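>>> no FASTA, just this:
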């Protein structure tokens, strides 16, 4: 529950933003609040500068309270050298930002007692039984394996304390997978530690997606559509997109050695039939911000409820104690830089988000929630301030220094308006 002072500050931010932008907020009880854009909003200059300096190819950024859009901006082309310009309805590949949707789906099933946080997940998915832990390698480079000392739970999977680790940020997993090429009998997905021992970013939420499918009896894309995206009006969010959405899709770009950006070849349209809880989804800034607004408002938005307030609060709480989270050392600099979004800030994990326990200078408050997608899409929710934001680009490597700089500048611009009210 927010204090009265926080509510009034949120209202002051809305008033200031509307005044500085010359925007008019048109809100109703049944639709999202939509600002009528005015030119030369102060935050426009932040985003425009990064595009004109060729630091990012193009960007869409938005911020909102639980009821009203505070800012939206779109700058640059959808593809460098192409005629199409970024717009707020541009479609992005948001990769790991699907993990929040998967976590919401799992918690919906927890509310219905169809999944349980502390129950061994192998009761739902037998593939999670009898897992082996990679302890290291002997003098000949042979992987040393042993049975896990305890079963994996849904809690472990939702908090990335299961032991599953992505090879992109784990050199031991990269080495192990090379061994798998020579020894086909080795399990393809070992644990790198016993559940509850550490935090490692990996395929845990992919496994949660499978649990959702098994517990609900429906494919993950249909579950999202029936229980999250359609009820919230997120019609541009899905694993497969149509021709209209494809025409609005942003191209992926790659950072060259000289710092310039080059478009990647256009992806070939493929109909996905196997769905991952950890990646592979498309969305837009307005769609994803709608999800953030619903969570900011305790699980409901404009008459639609996707979670109970107590469940949203649980997702927002530190679920891993004193275990440090959110620091990742890359094994492939072309795909990802090293990751530490907030150096010096204590970071933990809830159910679906990273949590910054400390306030970030000139930005989000203590207890804010955040995560990102591989192609440099990012979001945050600040429950204390009563607002959320999303910024989307399409470029590699992940955690690109210019992308993170723009993310921070956008956030500071939003909070400058907030604290100046």
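Alright, I've got the coordinates. In this text the structure is predicted, and so the values were computed from the model without any measurement.
>>> Please make it C-alpha for all contacts and neighbour counts, starting now.
Fine.
>>> okay, now the domains of the protein?
4-110+217-420, 117-215 (automatic domain parsing).
>>> mean pLDDT lowest for which of the ones you listed?
Across the domains of the chain, domain 4-110+217-420 has the smallest mean pLDDT, namely a mean of 90.
>>> tell me how far that domain is from the chain's mean position?
Relative to its parent chain, domain 4-110+217-420 has a centroid offset of 7 Å by CA atoms, centre = their mean, to the nearest Å.
>>> Would you map the strands across the stretch 251-400 of the chain?
With DSSP state E, counting those that start in this stretch, the ranges of strands along the stretch 251-400 of the chain come out as 253-255, 261-263, 282-283, 300-301, 304-305, 347-349, 354-356, 368-373, 377-382, 387-392, 395-396.
>>> any chance of the domains of the chain in JSON lines, with mean neighbour count too?
Conversion of these to JSON lines gives the following (neighbours: other CA atoms under 10 Å):
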{"stretch": "domain 4-110+217-420", "mean neighbour count": "19"}
{"stretch": "domain 117-215", "mean neighbour count": "19"}
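>>> Strands along the stretch 51-200 of the chain, start to end?
59-64, 69-75, 92-93, 132-137, 143-147.
>>> one step back: can you list the strands of the stretch 251-400 of the chain in TSV and add distance to residue 333?
TSV is the format used below for the strands of the stretch 251-400 of the chain (distance: least, CA to CA, whole Å):
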stretch	distance to residue 333
strand 253-255	11
strand 261-263	15
strand 282-283	24
strand 300-301	40
strand 304-305	41
strand 347-349	23
strand 354-356	22
strand 368-373	16
strand 377-382	18
strand 387-392	21
strand 395-396	9
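>>> Of all the ones you listed, which one is nearest residue 112?
strand 304-305 (14.1 Å; CA to CA).
>>> ok so, going back, got CSV for the strands of the stretch 51-200 of the chain, with distance to residue 119 too?
Listed next are these as CSV, based on distance: least, CA to CA, whole Å:
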stretch, distance to residue 119
strand 59-64, 37
strand 69-75, 40
strand 92-93, 33
strand 132-137, 19
strand 143-147, 19
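>>> so after the helix or strand hosting residue 224, what's the next helix or strand?
Element membership for residue 224, per DSSP states H and E: helix 220-224. Note on helix 220-224: by DSSP H and E, the next helix or strand toward the C-terminus is helix 230-232.
>>> Return the distance of residue 218 relative to residue 206.
According to CA to CA, to the nearest Å, residue 218 and residue 206 sit 16 Å apart.
>>> go on, residue 121?
Residue 121 is 13 Å from residue 206, by CA to CA.
>>> Run through who's touching stretch 269-279.
94-99, 102, 203-210, 219-221, 239-240 (CA atoms under 8 Å, 6 or more residues apart in numbering).
>>> Go again with 7 Å.
Residues from elsewhere that reach stretch 269-279 (CA atoms under 7 Å, 6 or more residues apart in numbering): 95-96, 98-99, 102, 203, 205-209, 220-221, 239-240.
>>> Show me which pair in these is furthest apart.
The distance between the two most remote of the contacts of stretch 269-279 (CA to CA) is 21.0 Å, for 203 and 240.
>>> ok, residue 397 - contacts?
Residue 397 touches 254, 255, 333, 334, 335, 336, 337, counting by CA under 7 Å, 6+ apart.
>>> and what of residue 94?
281, 282, 283, 373, 375, 377.
>>> Could you export the residues you listed to CSV, including columns for distance to residue 289?
Converted to CSV, these look like this (distance: CA to CA, whole Å):
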residue, distance to residue 289
281, 15
282, 14
283, 10
373, 15
375, 18
377, 12
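>>> sorry, back to before: quick one, which of the strands of the stretch 51-200 of the chain is nearest to residue 322?
Short answer: strand 132-137, nearest of those by CA to CA, at 22.5 Å.
>>> now the closest one, how far from the centre of its chain.
With CA atoms, centre = their mean, you get 29 Å for strand 132-137.
>>> So what touches that strand?
143, 144, 145, 146, 147, 148, 190, 191, 192, 193, 194.
>>> again, but for stretch 138-145
Contacts for stretch 138-145 (CA under 7 Å, 6+ apart): 132, 133, 134, 135, 136, 137, 176.
>>> Going by distance to residue 159, which of the residues you listed wins?
residue 133 (18.2 Å).
>>> Excluding residues flanking it in the chain, which one is nearest that closest one?
residue 191 (4.5 Å; CA to CA, 6 or more residues apart in numbering).
>>> Would you confirm that that neighbour contacts residue 164?
Yes - between residue 191 and residue 164 there is a contact under CA atoms under 7 Å: 5.0 Å.
>>> so what's the backbone phi/psi at residue 88?
phi -60, psi -20 (degrees, to the nearest 10).
>>> now it: how far from residue 323?
On the measure of CA to CA, residue 88 and residue 323 end up 38 Å apart.
>>> what's residue 299 sitting at in phi/psi?
Torsion angles, degrees, to the nearest 10, at residue 299: phi 100, psi 0.
>>> Could you measure from the spatially closest residue to it that is not a sequence neighbour over to residue 229?
Of all residues not flanking residue 299 in the chain, residue 307 sits nearest, at 4.5 Å (CA to CA, 6+ apart). According to CA to CA, residue 307 stands 13 Å off from residue 229.
>>> Also residue 169?
From residue 169 to residue 229 the distance is 31 Å (CA to CA).
>>> swap in residue 405?
Applying CA to CA to residue 405 and residue 229 gives a distance of 31 Å.
>>> coming back round to it: who's in contact with the residue nearest to residue 133?
132, 133, 134, 163, 164.
>>> now do 8 Å
Counted by CA under 8 Å, 6+ apart, residue 191 has contacts 131, 132, 133, 134, 148, 162, 163, 164, 165.
>>> Identify the residues contacting the residue lying closest to the last one once chain neighbours are set aside.
With CA to CA, 6+ apart as the criterion, residue 165 has its nearest non-adjacent residue at 3.9 Å, and that residue is residue 202. Residue 202 makes contact with 160, 164, 165, 166, according to CA under 8 Å, 6+ apart.
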